[in-house]
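J.: Here is a sequence with its predicted model. Questions after.
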Protein chains: 2
Amino acid sequence: MIRVGVNGYGTIGGRVADAVTKQKDMELVGVTKFTPDYRARLAVDRGIPIYHLDADGKAKFEKAKVPTSGSLQDLLKKVDVMIEATGEEIASGNKAMYEKAGVRAIFEGGEEHELTGFSFNSNCNYDGAKGRKFVRVVSCNTTGLCRTLHALKTNFGVKKARGVLARRAADPQEVGKGPIDAVVPDPVTLPSHHGPDVMTVLPDVNITTMAIKIPTTHMHLHSLIVTLGKKVTAEEVVAAFQREQRVMVVEGKSGFKSTSHIIDWARWKGRPRNDVYEACIWKESVTVVDDNELYLFLGVQQESIVTPENIDAIRAMMGTTSQAESVRMTNSSLGIAEPAK
Amino acid sequence: MIRVGVNGYGTIGGRVADAVTKQKDMELVGVTKFTPDYRARLAVDRGIPIYHLDADGKAKFEKAKVPTSGSLQDLLKKVDVMIEATGEEIASGNKAMYEKAGVRAIFEGGEEHELTGFSFNSNCNYDGAKGRKFVRVVSCNTTGLCRTLHALKTNFGVKKARGVLARRAADPQEVGKGPIDAVVPDPVTLPSHHGPDVMTVLPDVNITTMAIKIPTTHMHLHSLIVTLGKKVTAEEVVAAFQREQRVMVVEGKSGFKSTSHIIDWARWKGRPRNDVYEACIWKESVTVVDDNELYLFLGVQQESIVTPENIDAIRAMMGTTSQAESVRMTNSSLGIAEPAK
């Protein structure tokens, strides 16, 4: 059993922690939580041990009558791998703590590639994580792009990729964030960081990206324009996506008219927190112009697409399981469909 | 004096009618209105004669005590040119009426190019309208793209243009339209009609577009990726835009952080209805990758960018004025800055 701890039972950490409890080869030793809020109480309800961060945290949790099982330092003594999900302001500073404790750690996409020297995507470079102490799982958008480009690169070659990312401005509960009625070029200076971030996983892909922030909460929507290495048909491209792990080809004619329809699918499917682990590509959008210039729409659920990536990254670092087997186990536990053969 | 009538004092027609009243060489004979609502009363306040569409309309206006000056048929007898702005469901059907009345007519971008056989953009093909009975002024997005591509084509050549349009889902008063919290690929099938529409004005430009609908009301935001005919620098491209008529180069560092900041500029500038007649290009976004691949953000105010185009189109059809002189007159009357020399 791989003993896993999660530092930060929040947007990413909460999802990964819950997913760890579904893995036969993993034990969720515990999670840390900063505030004894409803999410903390839900963790307790699920039987997940909570660890406080420090003496102040201990007092807060005692006052709120939310039981804890000890401190972060106590947790570190009992785990093989920590998921570091406290967020961009704190996470990188914790690396030294993990080093000292002799614990492996997985950082998330908000951190710089240089922090770990290795950026992970299960489809692209699972084997490269073997034996590493520190791994960074790339961000939601980079994950969606990596899966998409992996399918294109391995099947057709990629000469040049261009992406326009329409980013959800806030997660549903982030009620203080805007904009309400505006499009924000973000950043206004080009290119956006997403292209270079993809290249931390796929260094030989030439990609340029630009991003805008829009008043939605549910998913990011990418408009991709990719010059492929050879002449292709839209049907060949769709077939390549249907063979790629964790890519879901959705159809407008089946009711997937918008990002919200994908979220509605997840709600009706019974996914926890309406999570969408798959990179979603609209079948009808897949279009080839001038023989090899591919256009498509790609939807990325910002909170959940990296959940299976974190689970795979744990096994990849520990070196316990092959990529194919890990993906099979993770997919099966989370209800992700296996691709067409 | 060119005698002008406007069929439909609405989103486009109302703006063009008000602009006609500011032209020294034009007389606004009157406008038609379907409903005696607050917009009709505002027209009366401005001294604009209103004409009803039919007997039903006459009764409606009488009941509401909004004075009218006669019927559409009466109006047709007094004008040289009609602005046909009743909207996509009705406009094309009115062509025969104008033909019978011997009146020139300008149709808007919601109509098909084939309706008039000539699609107008002042910067690109003003002289082609001379003597024509029917002209179509292209839509807001096509107008923004035409001005931008005209600057690029005439300065550097355009090998291939690619646009991703994030379209405002509704105008501010369209309270029944969605989405509220979703991105809608619109259409999900690629390419969108905008590329072919640009080619009705610039037939030798190879352009492919895709469009999404987002929950904003103020402006469209284009992400453009254009392969130019030669190696350029970002500075050269910005200078070309600064020389182009009705292109406004805005800077994030001057406070133009989003589409809403452009609207706020128009409000503080004193523009009627916070109109933005200019195609707005973010200076910092202008970026050249791989020697000749240009990236930029372009903002288009959907309700007002075609106002000066309609005014120019009137003069172009009548053959009374050169392009340079018409643009100077229109710009001066609407407060549009002349470009750098």
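T.: Structure received. Numbering: from 1, shown residues only, chains lettered A, B, ... in the order given.
J.: alpha carbons only for contacts and neighbour counts from here, please
T.: Fine.
J.: Distance of the residue most central in space within chain A relative to A:N121?
T.: Central residue of chain A (CA atoms, centre = their mean): A:V306, 1.7 Å from the mean position. Between A:V306 and A:N121 the computed distance is 9 Å (CA to CA, to the nearest Å).
J.: Let me know whether the residue nearest to the centre of chain A touches A:C140 as I believe.
T.: Yes. In this structure A:V306 lies within contact range of A:C140 using CA atoms under 8 Å: 6.0 Å.
J.: so what sits against both of those two?
T.: Common neighbours of A:V306 and A:C140, using CA atoms under 8 Å, 6 or more residues apart in numbering or on different chains, do not exist here.
J.: Need the overlap of contacts for A:V306 and A:N121.
T.: By CA under 8 Å, 6+ apart, the residues touching both A:V306 and A:N121 are A:V137, A:V138, A:T143.
J.: Helix or strand: which one has the last one?
T.: With elements taken from DSSP states H and E, the one containing A:T143 is helix A:140-155.
J.: Spell out whether that helix and chain B are in contact.
T.: No. Helix A:140-155 does not reach chain B (CA under 8 Å from any CA of the partner chain); its nearest approach is 15.6 Å.
J.: tell me the secondary structure for A:G93?
T.: Assigned by DSSP: H, G, I helix; E, B strand; the rest coil, the conformation of A:G93 is helix.
J.: Tell me how far it lies from A:K58.
T.: Applying CA to CA to A:G93 and A:K58 gives a distance of 21 Å.
J.: between the two, which one's more packed in?
T.: Neighbour totals were compared for A:G93 and A:K58, and A:K58 leads with 22 against 11 (other CA atoms under 10 Å in any protein chain shown).
J.: now the more buried one, what's its secondary structure?
T.: Following three-state DSSP, A:K58 is assigned to helix.
J.: Does the closest residue to it other than its chain neighbours have any beta-bridge partners, and if so which?
T.: Computed as CA to CA, 6 or more residues apart in numbering or on different chains, the closest residue to A:K58 that is not its neighbour in sequence is A:H52, at 5.5 Å. Beta-bridge partners for A:H52, by DSSP bridges, are A:S71.
J.: Which secondary structure elements does the longest strand seen in chain A sit against?
T.: Among all segments of chain A classified by DSSP state E, the strand with the greatest residue count is strand A:158-168. Packed against strand A:158-168 by the contact rule (3 or more CA pairs under 8 Å, 6 or more residues apart in numbering or on different chains; DSSP states H and E) you find strand A:207-214, strand A:220-228.
J.: For A:Y9, which of these is the nearest?
T.: Nearest to A:Y9, of all the helices and strands packed on strand A:158-168, is strand A:220-228, at 22.7 Å by CA to CA.
J.: Centre of the chain to that closest one, how far?
T.: Averaged C-alpha coordinates place strand A:220-228 at 19 Å from its chain's average position (CA atoms, centre = their mean, to the nearest Å).
J.: okay, the angle between the next helix or strand after it and helix A:140-155?
T.: The first helix or strand that comes after strand A:220-228 along the chain, using DSSP H and E, is helix A:234-243. Interaxial angle of helix A:234-243 relative to helix A:140-155 (axes from the mean of the first three to the mean of the last three CA atoms, to 10 degrees): 120 degrees.
J.: who does the next helix or strand after helix A:234-243 pair up with?
T.: Next helix or strand after helix A:234-243 toward the C-terminus (DSSP H and E): strand A:247-250. Taking DSSP bridges as the criterion, strand A:247-250 sits next to strand A:279-282 (parallel) in its sheet.
J.: who touches the very next helix or strand once past the strand it pairs with?
T.: Sequence-wise, the next helix or strand downstream of strand A:279-282 (DSSP H and E) is strand A:287-289. Strand A:287-289 is contacted from outside by A:V232, A:T233, A:A234, A:L294, A:Y295, A:L296, B:T189, B:L190, B:P191, using CA under 8 Å, 6+ apart.
J.: farthest-separated two in those?
T.: A:V232 and B:T189 (17.7 Å).
J.: Filter the contacts of strand A:287-289 down to the buried ones, ChimeraX style.
T.: Restricted to buried positions by 16 or more other CA atoms under 10 Å in any protein chain shown, the ChimeraX selection for the contacts of strand A:287-289 reads:
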select /A:232,234,294,295,296 /B:189,190,191
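J.: out of the contacts of strand A:287-289, which one sits closest to A:I214?
T.: When the contacts of strand A:287-289 are compared against A:I214 (criterion: CA to CA), the nearest one is A:L296, at 19.3 Å.
J.: The helix or strand where the closest one lies close to chain B?
T.: Element membership of A:L296 [criterion: DSSP H and E] is strand A:293-300. Yes. Using CA under 8 Å from any CA, strand A:293-300 reaches chain B at A:Y295, A:L296, A:F297.
J.: Alright, calling it a day.
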